[in-house]
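S.K.: attaching a predicted model along with its sequence, questions to come.
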Amino acid sequence: MTQLAKIHFLGGVGTVTGSKFLIDLQEKKILIDCGVFQGLKELREQNWQELSFNASLIDVVLLTHGHLDHVGYLPRLVQQGFSGKIIGTAPTLAIAEIILNDSAKIYEEEAEKANKEKYTKHQPALPFFTKKDVEKTISFFESNQEDKWISLSENIKYRFQYNGHIIGATFIELDIYSKRFVFSGDIGRTDDYLLDNPKKPAWADFLFIESTYGNKLHPEENVEAVLTKIIREVIDKKGNLIIPSFAVERLQMLMYVLWKLYKENKIPNIPIYVDSPMGNNVLDVFKRFSKWHKLSESEYNSMCNHINIIQSYRETWETIDNKVSKIVIAGSGMVTGGRVLTYLQQLIDETATTVLLVGYQAEGTRGRQLQDGASEIRFYGKYYPVKATIKSIESLSAHADQKGLLNWMSSIKNIPEKVYLIHGEPTSLDAFRVKIKNTYKWNVTIPKLNDIEEIMI
């Protein structure tokens, strides 16, 4: 019997944030990921709009991984009436819980601060969601294993497949009436410091693939040599190295690389501070789910013992006031919030400071502004001159580059009926579209926000 599947592109199209893809079938309504938009103001404002689809009709949410741009809308979905299952691997749900609780805390604090200091146009400013919303959302969480087919109904089953990128991350295979839909999620890199290589799909009738670096190859740089040089320059200047970092994976990778450099006598024993409550919680996830990463128990313990883990806001200020040269790794990775703002407020106007960006900086974020050479930067309604040295290491990205993406697709035995390019900015999407057509001769589409694609299966 022929079935109609409607694919609603509710986010993660034309941009690298807000991933939400709804498969609307008569039998089931399945949402793949449920993230928030980040970056440009016009994108962020869309977070406040209700979904164009009735949330109460959605049966299940399947999560590729726990990053905010893939899970951060879940409490709003629940507010709008969703009451089904939210399914991911156990580490993905653990990460999602941490990220949602941390976000709720930030949203509540920012709303309170905005109302108190009156730098908001909204009267009053409201948090995007609260800790109570998160508590309710988590009650719908259900974990399932990787590499195991699970039935959603007689005609629909799904499977999570290991994908690198961050701990717990997977791509999702959905068999719907004998047609296979593959959602890539975010694809990790090969030869990662902490994670195994991503698995590859063997078949895809309809492929939804991320395109974050669809137009780029990661530079062939020696990360350890670059870091060593930067650290030695910071010490010579008697300054501070501030590294805004994503709390999940990037922070743990940086800890590992810095510990490794010290252990191999490539850098002196410069104090290293990690100031990310969320990052600390993610370290516990690494401890709980040791089979999902490469670190041995002894390596994990040695790494943690070498680095100063900041536990309180008082310690943040003690670290800032300490004039000794140091390395501070603090959230958030795109400088959109978190503890790193406190360090930058105090230190970005000093020439002895170096700010090292170590991940993708989305359009409209402070991280992108710094990367593009901004002469001043705005925190909490005030502008601060940028006198610090700004550096980037692109090769620490947790995303596969164009070559990696093409390699990930290389084991697909059939010719997909359609390939949808998602999770990328316009120039990246278009370049990747051309590359796929030239390499594989596949039928490639770049959907737009709120497009609805009808597929007969």
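M.R.: On my side now, so go ahead.
S.K.: skipping adjacent residues, who's closest to His399 in space?
M.R.: Closest residue to His399 apart from its sequence neighbours, by Cβ to Cβ, 6 or more residues apart in numbering: Thr212 at 4.6 Å. Quick note: C-beta positions are derived from backbone N, CA and C, even for glycine.
S.K.: my bad, should have said Phe432
M.R.: Gly214 is the one closest to Phe432 (Cβ to Cβ, 6+ apart), at 2.7 Å.
S.K.: got a pLDDT number for the one you found?
M.R.: On pLDDT, Gly214 comes in at 97.
S.K.: same question for Val274.
M.R.: pLDDT, Val274: 96.
S.K.: just the CA trace of the helix or strand that contains it, in PDB.
M.R.: In this assignment (DSSP states H and E), Val274 forms part of strand 272-275. C-alpha atoms of strand 272-275 as PDB (Å, rounded to 0.1, in the frame of the first residue of the first chain):
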ATOM      1  CA  ILE A 272      45.100  25.400  33.900                       C
ATOM      2  CA  TYR A 273      41.600  26.200  35.000                       C
ATOM      3  CA  VAL A 274      38.300  24.800  33.800                       C
ATOM      4  CA  ASP A 275      35.400  27.100  34.600                       C
END
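S.K.: so for the protein, which residue is the most central one in space?
M.R.: Centroid-nearest residue in the chain: His67, 4.0 Å away (criterion: Cα atoms, centre = their mean).
S.K.: that residue is in contact with Val248, isn't it?
M.R.: Yes. The pair His67 / Val248 is scored as a contact, 6.5 Å apart, by Cβ atoms under 8 Å.
S.K.: still on that earlier bit, what's the distance between the residue nearest to the centre of the chain and Lys148?
M.R.: His67 is 23 Å from Lys148, where distance means Cβ to Cβ, to the nearest Å.
S.K.: next, count neighbours for the residue nearest to Leu126 when sequence neighbours are not counted.
M.R.: Among residues not flanking Leu126 along the chain, Ala111 sits closest, at 5.8 Å (Cβ to Cβ, 6+ apart). Look at Ala111: counted by other Cβ atoms under 10 Å, it has 18 neighbours.
S.K.: could I get the contacting residues of Ala111?
M.R.: For Ala111, the contact set (Cβ atoms under 8 Å, 6 or more residues apart in numbering) comprises Pro124, Ala125, Leu126, Pro127.
S.K.: tell me the pLDDT at the nearest residue to the first one once chain neighbours are set aside?
M.R.: Counting by Cβ to Cβ, 6+ apart, Pro124 lies nearest to Asn115, which is 4.9 Å off, once chain neighbours are set aside. Predicted confidence (pLDDT) at Asn115: the value is 83.
S.K.: next one: Asn438
M.R.: pLDDT recorded at Asn438 is 96.
S.K.: surely it forms part of a helix?
M.R.: Yes. Counting by DSSP: H, G, I helix; E, B strand; the rest coil, Asn438 falls inside a helix.
S.K.: from Glu27, how far out is the residue nearest to His399?
M.R.: For Thr212 relative to Glu27 (Cβ to Cβ), the value is 32 Å.
S.K.: and these two? Which one has more around it.
M.R.: Neighbour count, other Cβ under 10 Å: between Thr212 and Glu27, Thr212 has more, with 25 against 15.
S.K.: tell me which element the more buried one falls in.
M.R.: In this assignment (DSSP H and E), Thr212 forms part of neither any helix nor any strand.
S.K.: so what does it look like in phi/psi?
M.R.: With angles defined as degrees, to the nearest 10, Thr212 sits at phi -50, psi -50.
S.K.: and what of Glu350?
M.R.: For Glu350, the backbone dihedrals (degrees, to the nearest 10) come out as phi -110, psi 130.
S.K.: rewinding a little: so how far is Leu421 from the residue nearest to His399?
M.R.: For Thr212 relative to Leu421 (Cβ to Cβ), the value is 11 Å.
S.K.: please apply the same query to Leu63.
M.R.: For Leu63, the distance to Leu421 equals 21 Å [Cβ to Cβ].
S.K.: for Glu210, same thing?
M.R.: Glu210 is 8 Å from Leu421, by Cβ to Cβ.
S.K.: between these two, which one's more packed in?
M.R.: Glu210 (27 against 24).
S.K.: which residue is the nearest non-sequential neighbour of that one?
M.R.: Using Cβ to Cβ, 6+ apart, the closest residue to Glu210 is His423 (3.9 Å).
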